[in-house]
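*Asks:* My questions concern the predicted model and sequence given below.
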Amino acid sequence: TDSERLLAIETSCDETAAAVVQGGSNVLSNVVASQIDSHKRFGGVVPEIASRHHTETITMIMEEALNEAGLTFSDLDGIAVTEGPGLVGALLVGVNAAKAAAFAHGLPLLPVHHIAGHIQAARLERKWQYPALALVVSGGHTDLVLLREEGDYEVIGRTRDDAAGEAYDKVARTLGLPYPGGPHVDQLASTGRADIPLPIAWLEEGSFDFSFSGLKSAVLNTVHNAEQRGETLSTADVAASFQASVIEVLVEKTRRAAEEYEVKQVVLAGGVAANQGLRAAMEDAFKEAGPALTIPPFRYCTDNAAMIGAAAHIQWKKGITACWDLNGVPGLAL
Ligand code: KG4
Ligand code: ZN
C-alpha cells in the first residue's frame, strides 16, 4: 500500500538524523542533530569525532523521531537507513542501529543510497513525471543524474575533482569566513559585483562533467597576488565572481542535459541547493515552457532523514530489502 510508515536513519556525515515518513511523502517527524559546532574549530568534518557523536546520540534521535510522530516501533512497517556513500565509521553507526531495531522488532530493513535520498527529497514537495533530471550539489557530490523512470538512476555527469560545496568551503576559508563557508560566500556574493575574471571549466564538447579545482586555485591566486601587491580586493566581489562562475556552469550543463534527454522534470538537490544565486538562476533557466523545476525546501536540501524515507518508499514498493549482513559502503555506486 501507499501508507506504509518507515523510520528512516541518516548518519553518513556530520548530521545524526531520523524521521518517520508515511507513503513516501508524508513526513510525520524529521529530527536532525547537527555536529557542526564540534567540527568547526577544525575547519572541516573530523571522521572520528563524527562517529563518536553518532554513537552517543543515535538512540535518542530515533526515539525522538518516533515520539514526535506519536508512534512506537510496533506501528512501523520498516526501517530505512543510508547504506552509503559517506564516512565509513559514521555510516556504520546508522546501519547497525537500523539493523538492531529491525531485528528486535521483526521489521524489514531498507538500504538507501544517500544521493537517491537527496534527489527524492523533491518528492516530499510534489509528484513528478519521467524522464527526470537531478542536479545534486553538496559538500561531497556534484552529479547530474538522469531518471528514465522511478527509482532508476543513471549518473550522466559528475565532478572530476572538487564538489561544488567543497569549492565553496575552500573559497570561504581563503576569504577568512567560518566553516561551513557556503552560506557565508552566498551572503557576501549578494553584495558584490561579479567583475573579477575567473575561469569556467566547460571540459570537452558534450561532456556533462564538472571541475571546480581550477576555479578554486584561481580564486586563491587572485587573493594572494592582490595581497602581495598590497592591494585591497573586495571580498564581496571575489565571492560574487566565484559564485557567478559556479552557477553558470551548473545551470548551463543542466539546461543542456534537460534538452538532450527531453526530460519533463528537473530537480535541484543537496546542501548547495540552498544557495540563493543558484536557486534564482535555475528558476530563470526553467521558467519557460519545458520541464517543471522542483527545489526542495531548505530543511530537505541539507542532510536529513526524511529524504531517506522518501527514497526508501520506492524500494518498499519494489520489495527491495537488505539482509542482516548489511554494511556501510563508503564508495557505494548509485
Ligand atoms: O548536502 P549537505 O548538507 O552535506 C553533504 O552531503 O555534503 O551539503 C553541505 C554543503 C557544504 O559544503 C556547505 O558549504 C554547502 O553545502 N552549502 C552552501 C550553501 N548552504 C550550504 N553552498 C553555497 N551556498 C549556500 N547557501
Ligand atoms: Zn548529503
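*Replies:* On my side now, so go ahead. Ligands and ions are numbered 1, 2, ... in the order given.

*Asks:* after the helix or strand containing Ala281, next one along is what?
*Replies:* Element membership for Ala281, per DSSP states H and E: helix 276-285. Using DSSP H and E, the helix or strand that follows helix 276-285 in sequence is strand 292-294.

*Asks:* For this protein, what lies in contact range of ligand 1?
*Replies:* Residues of the chain lying near ligand 1 by CB under 6 Å from any ligand atom: 13, 138-140, 165, 168-169, 180-183, 186, 270-272, 274-275, 302-303. In this view, the C-beta of every residue, glycine as well, is placed from N, C-alpha and C.

*Asks:* Distance from the helix holding Ala281 to the middle of the chain?
*Replies:* 17 Å (CA atoms, centre = their mean, to the nearest Å).

*Asks:* In terms of secondary structure, what does it contact?
*Replies:* helix 182-189, helix 235-260, strand 265-269 (3 or more CB pairs under 8 Å, 6 or more residues apart in numbering; DSSP states H and E).

*Asks:* And the pLDDT at the closest residue to Ile79 other than its chain neighbours?
*Replies:* With CB to CB, 6 or more residues apart in numbering as the criterion, Ile79 has its nearest non-adjacent residue at 4.4 Å, and that residue is Ala102. Per-residue confidence (pLDDT) for Ala102: 98.

*Asks:* Would you mind measuring from Ala102 to Leu220?
*Replies:* 47 Å (CB to CB, to the nearest Å).

*Asks:* Please say which of the two ends up with more neighbours.
*Replies:* Neighbours per residue, other CB atoms under 10 Å: of Ala102 and Leu220, the larger number sits with Ala102, 24 against 14.

*Asks:* picking that back up, quick one: the strand or helix carrying the residue nearest to Ile79 near ligand 2?
*Replies:* Element membership for Ala102 (DSSP H and E) is helix 88-105. No: against ligand 2, helix 88-105 shows no contacts by CB under 5 Å from the ion, the least distance being 11.6 Å.

*Asks:* by contact count, what packs against that helix?
*Replies:* Partner elements for helix 88-105 (3+ CB pairs under 8 Å, 6+ apart): strand 5-10, helix 47-69, strand 78-84, strand 109-113.

*Asks:* Could you find the closest non-adjacent residue to Ala33?
*Replies:* Per CB to CB, 6+ apart, closest to Ala33 is Thr16, 4.4 Å.

*Asks:* Direction included, what does the host helix or strand of the one you found pair against?
*Replies:* Assigned by DSSP H and E, Thr16 belongs to strand 15-22. According to DSSP bridges, strand 15-22 forms sheet pairs with strand 5-10 (antiparallel), strand 26-34 (antiparallel).
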